[in-house]
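**Student:** No letters, just coordinates:
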């Protein structure tokens with residue numbers, strides 16, 4: 001697979017100084033972007049799987065800490081977001097036809113990483129929707145030695161009263177040709193740019209909120225609005241299907257904010273309680289994006305993640 005140079009706005013990202021962007025072409029002929037922050041220590045490579053609406057640059061500070069701990073970082077712009085190819089003429093619509101398409105993106109990235117011989121072991125770090133994609137990937141192959149997740153989308157937060165209606169409206173809307181309509185209550189605007197910091201559902205840290213807003217103001221092409229009805233229906237279906245599966249064999253460390261309002265908390269707690277070599281860590285106070293909390297919080301989380309990866313790498317090397 002050939003890779004061409006792609007832009008990576010590392011000044012906005014505040015990532016490690018050595019940074020590279022690449023265009024890759026997926027098996028179904030879509031152009032996606034990856035960002036690579038290598039580490040001199042070569043302790044392995046973390047495949048960083050962002051959430052819906054997110055983009056590589058958002059994880060610059062995360063990459064800085066991981067690289068400091070000796071881990072190279074390979075971050076992905078999923079199809080339909082970031083600088084990867086958008087899937088609808090309304091480029092602010094968060095849309096995908098099937099959730100399995102995200103696995104096609106990850107497969108392309110893994111294939112390229114193998115071609116260029118990125119340091120092993122390989123690990124996966126997924127946030128929100130990236131946690132859903134990452135969980136599915138653990139079932140598909142054994143190339144990831146261990147996993148870490150933050151606020152993983154193993155279910156979507158819906159009240160018991162609205163869940164049946166949400167399922168029905170998303171399914172019917174998709175069936176009658178309204179699959180590319182915005183989900184009710186969402187719009188063609190970035191949440192960070194349209195919502196006030198007060199009472200936001202992502203972070204309790206004002207400087208981090210301002211950092212995210214600044215990125216999208218400086219690079220508006222990174223923005224994404226609400227999801228389509230089809231995306232929502234496929235997300236509900238994928239998370240339900242995953243909930244029926246036993247936990248993967250890879251060890252897992254999962255972080256969840258005490259004030260989580262975006263993903264399904266009971267589904268996460270049930271999964272982690274049943275994950276024999278998994279650990280759930282609650283972050284209090286914490287919103288959906290615990291990796292976007294104050295520096296002392298997200299640095300402590302990332303140090304725990306690196307210790308988790310280290311521990312399982314050492315088990316392999318000494319076995």
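**Tutor:** Good, I have the coordinates. These numbers come from a predicted model, not from an experiment.
**Student:** tell me the helices in the stretch 151-300 of the chain, going along the chain?
**Tutor:** 163-175, 191-194, 206-218, 229-243, 265-274, 295-318 (DSSP state H, counting those that start in this stretch).
**Student:** same thing with the stretch 1-150 of the chain?
**Tutor:** Using DSSP H, counting those that start in this stretch, helices in the stretch 1-150 of the chain cover 10-13, 60-68, 100-115, 129-140.
**Student:** worst-scoring helix or strand of the protein, pLDDT-wise?
**Tutor:** The weakest-scoring helix or strand in the chain, judged by mean pLDDT, DSSP states H and E, is helix 163-175 (a mean of 71).
**Student:** Next one: the residue nearest in space to the middle of the chain from residue 33, what distance?
**Tutor:** Centroid check for the chain by C-alpha atoms, centre = their mean gives residue 50 as the closest residue, at 2.2 Å. Separation of residue 50 from residue 33 (C-beta to C-beta, to the nearest Å): 11 Å. Using the backbone N, CA and C atoms, a C-beta is placed for each residue, glycine as well.
**Student:** Quick check: neighbours shared by those two?
**Tutor:** Shared contacts of residue 50 and residue 33 (C-beta atoms under 8 Å, 6 or more residues apart in numbering): 56, 76-77, 82.
**Student:** Farthest pair within these?
**Tutor:** Maximum pairwise distance among the shared contacts of residue 50 and residue 33 (C-beta to C-beta): 8.3 Å, between 76 and 82.
**Student:** Now the common contact residues for those two.
**Tutor:** 33, 50, 56.
**Student:** hmm, back to that, give the contact list for the residue nearest to the centre of the chain.
**Tutor:** Taking C-beta under 8 Å, 6+ apart as the test, what residue 50 contacts is 56, 58-59, 75-78, 82, 127-130.
**Student:** can you check residue 243 too?
**Tutor:** Residue 243 neighbours (C-beta under 8 Å, 6+ apart): 154-155, 267, 270-271.
**Student:** before we move on, the earlier item: let's have the helices of the stretch 151-300 of the chain in TSV, adding distance to residue 99.
**Tutor:** Formatted as TSV, the entries for those read as follows, by distance: least, C-beta to C-beta, whole Å:
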stretch	distance to residue 99
helix 163-175	13
helix 191-194	21
helix 206-218	25
helix 229-243	4
helix 265-274	16
helix 295-318	25
